[in-house]
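Undergrad: predicted model and sequence below, questions to follow.
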Amino acid sequence: MYVAVKGGEKAIDAAHAWLAEERRGPVDVAELSVAQIKGQLKLAVNRVMAEGSLYDADLAALAIKQARGDMIEAIFLIRAYRTTLPRFGASAPVDTGAMDCDRRISATFKDAPGGQVLGPTFDYTHRLLDFKLAADGEVPDAPRQDVVAEDKPHIMSFLDDEGLIQPEPDGPDTPPDLTRAPLDLPATRALRLQSLARADEGFLLGLAYSTQRGYARNHAFVAELRIGICAVEMEIPELGFAIEIGEVELTECETVNQFQGSKTEPPQFTRGYGLVFGASERKAISMALVDRALRWEELGEDNLGAPAQDEEFVLSHADNVQATGFLEHIKLPHYVDFQSELELIRKLRREAMARGAQQEVEA
Amino acid sequence: MSDYNFAYLDEQTKRMIRRAILKGLAIPGYQVPFASREMPMPYGWGTGGVQLSAAVMTGDDIFKVIDQGADDTTNAVSIRRFFERTAGVATTQATREATVIQTRHRIPEAALSEDQILVYQVPIPEPLRFLEPSEVETRKMHALEDYGLMHVKLYEDISAHGAISTAYAYPVRVEGRYVMDPSPIPKFDNPKLSMAAIQLFGAGREQRIYALPPYTDVVSLDFEDHPFEASKADHPCALCGASDSYLDELIVDDAGTRMFMCSDTDYCGTRRAKGHVGTAPTPPRQEETT
């Protein structure tokens, strides 16, 4: 029997204490350290940094620990922390062309200046459970080789030189920021990209996949996918020039998509763009496909009514912190509203049955 | 908590919210977009209301939080504790003592006064949302005062059910201009929307604030031949005997016996303290719970 009761305060305290105990798990097993999470669950940490919109691996690892491995909960913890931080200013645009790449592949050219670098990828592993790992996770050192540092210009720049790829107009000097201004529709591409960079990986993956299956198909090739470290520079007013203030790991994906042309313009390829904190290539590729689908209007394409083309739909539902909060709020008591529905349905049924009875008498 | 500003939000954010509040008060019923912040509680759990309360709160305020009319529901407890912790303000369960009251789904039974502020938590601020999913379209409809769709919906209700089948979040027209969602209060509460206190509505996830200044004309939508009717369960409160308050329906035993009691716990408690009694003067399971 459930009855609305007093005692909410005590119940909450007890629930929190229980939660803390559950988080710790069996005490005869060593406690997980933040350093272990940061060092050994790096892709989880990356996802929390990307969707939490805060580049801090230590805090992200702490959030994962505190959230008991629930990624969206960890992202939420980071967001709620991030929103309290003061904002000193904006960095100079990060030069991803100068990225120190761990991984750099192109699906459109077999080779290009800078070469193809596989990096630490799951791609060609056989997905067989490694039972040895259950007992012993130590591995021999990976083979090393000295390489001559070589520039890795963006693959897209080679298409650009030939005029084969549609040029991008310059964005606004100060990019919009949806964490400081309410979302205003229609959104600019810069705002869309910000929203997508913070968006839920699963949601973007599903949308991107839907474009591949024919819901606003845009024939994407991965022109380039690169993962590596980029310097972050900031202009210091007192100095009058930009200095490096730190480094971030980024994943960047540029897609080259079906060409378009018109009577006045010769055919050109178009592009989609994805940029994500950390090594998050599934997200970066998804973002590029969804970005491209959302560009239908500016590229003069038809609106096919596909979900991935609907800016309002995508931007309003891509944020997992918003989505999970609203979804889960239906756990909260709604007895007042339900009570009013109960009364209404009883009244409507009473009236309907009275009408039915009267019709029977008249018949 | 010394790392956080008074009432959690930084002063710049509060100023931004206060500007939105002032705009909302100047255009009653109009939804003002604002740059809602991530709060340390989930979206959909009162972040809009919490941001409003934080923006209007001063150190001298006495704060009350109700959810479903009750001070002791879990989320009301959680929000009250949040402000005890981050603002150190005094809190109360007495409607009359409070200067700021944050509410979810109810308007207190006792009439509020001019020196009180009632802050509503709003899930979906757009009254036209379930008729038109696009925000771009609904903003246009408000701008053009194009509310035909809403009237058609209410008319279709009557033709299908013989009555308007909206029991809560019943739409209102403010000062003859904007159609407004009063948040999911039962329609029983709608007549109280014209009141002496300032009413602020906050939707955090949807990034909207709207407001009703004191004594604003608020009319529940209806038709001449189907006038609006505020309804409640046709019972007195089993605890205090009140016949003018909104009631919760409880199932009190395995045979499904029902019991009705005030949803506004302060109203009920105040009446009982004055000696009013109903048919079942002991609240079920209330004393024994720990």
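TA: Perfect, thanks for sending it.
Undergrad: can we go C-alpha only for contacts and neighbour counts from here?
TA: OK.
Undergrad: ok, now which ones touch the residue nearest to B:Lys192 when sequence neighbours are not counted?
TA: With Cα to Cα, 6 or more residues apart in numbering or on different chains as the measure, B:Ile107 is the residue that lies nearest to B:Lys192, at 7.4 Å, once sequence neighbours are left out. For B:Ile107, the contacting residues are B:Gly69, B:Ile185, B:Asp189, B:Lys192, by Cα atoms under 8 Å, 6 or more residues apart in numbering or on different chains.
Undergrad: between these, which is closest to A:Phe158?
TA: When these are ranked by distance to A:Phe158 (Cα to Cα), B:Ile185 comes first, at 60.9 Å.
Undergrad: now do the contacts for that closest one.
TA: Listed by Cα under 8 Å, 6+ apart, the contact set of B:Ile185 reads A:Val336, A:Asp337, B:Arg104, B:His105, B:Arg106, B:Ile107, B:Tyr168, B:Ala169, B:Tyr170.
Undergrad: excluding chain neighbours, what is closest to it?
TA: Leaving aside its chain neighbours, B:Ile185 sits nearest to B:His105 (4.2 Å; criterion: Cα to Cα, 6+ apart).
Undergrad: which residues are in contact with the one you found?
TA: When contacts are counted by Cα under 8 Å, 6+ apart, B:His105 touches A:Val336, A:Asp337, B:Asp67, B:Gln68, B:Gly69, B:Tyr120, B:Gln121, B:Ser183, B:Pro184, B:Ile185, B:Pro186.
Undergrad: in the stretch 101-250 of chain B, what residue comes closest to chain A?
TA: For the stretch 101-250 of chain B, the residue positioned closest to chain A under Cα to the nearest Cα is B:Ala167, at a distance of 5.3 Å.
Undergrad: residue boundaries of the strands in the stretch 51-200 of chain A?
TA: Read by DSSP state E, counting those that start in this stretch, the stretch 51-200 of chain A holds these strands, from start to end of the chain: A:100-105.
Undergrad: list, one by one, the residues from it near chain B.
TA: A:77, A:79-81, A:83-84, A:178-182, A:185-186 (Cα under 8 Å from any Cα of the partner chain).
Undergrad: for those residues, which single residue is the most surrounded?
TA: If you count neighbours using other Cα atoms under 10 Å in any protein chain shown, the busiest of these is A:Leu77, which has 26 neighbours.
Undergrad: so it sits against A:Ala61, correct?
TA: No: assessed by Cα atoms under 8 Å, A:Leu77 is found out of contact with A:Ala61, at 11.0 Å.
Undergrad: what residues are up against B:Ile79?
TA: Listed by Cα under 8 Å, 6+ apart, the contact partners of B:Ile79 are B:Val50, B:Val65.
Undergrad: restrict the helix or strand encompassing it to CA atoms and write it as CSV.
TA: B:Ile79 belongs to helix B:74-86 when assigned by DSSP states H and E. What follows is helix B:74-86 as a C-alpha-only set of coordinates in CSV (Å, rounded to 0.1, in the frame of the first residue of the first chain):
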residue,chain,number,x,y,z
THR,B,74,10.6,14.8,-1.8
ASN,B,75,11.4,17.3,-4.5
ALA,B,76,10.0,20.2,-2.4
VAL,B,77,12.3,19.0,0.4
SER,B,78,15.2,18.9,-2.0
ILE,B,79,14.6,22.4,-3.4
ARG,B,80,14.1,23.9,0.1
ARG,B,81,17.3,22.4,1.3
PHE,B,82,19.1,23.7,-1.8
PHE,B,83,18.3,27.3,-0.8
GLU,B,84,18.9,26.6,2.9
ARG,B,85,22.4,25.5,1.9
THR,B,86,23.2,28.0,-0.8
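Undergrad: just the mean pLDDT for that helix, thanks.
TA: On average, the pLDDT along helix B:74-86 is 93.
Undergrad: got it, and stretch B:185-192?
TA: Mean pLDDT, taken over the full extent of stretch B:185-192, equals 96.
Undergrad: burial check on the residue of the stretch 101-250 of chain B closest to chain A, number of neighbours?
TA: Number of residues near B:Ala167 (other Cα under 10 Å) recorded here: 23.
Undergrad: hang on, it packs against A:Leu344?
TA: Yes: using Cα under 8 Å as the test, B:Ala167 is close enough to A:Leu344 to be in contact (6.5 Å).
Undergrad: one step back: now do the helix holding B:Ile79: distance to the chain's middle.
TA: If you compare the mean C-alpha spot of helix B:74-86 with that of the full chain, they lie 17 Å apart, counting by Cα atoms, centre = their mean, to the nearest Å.
Undergrad: thank you, goodbye.
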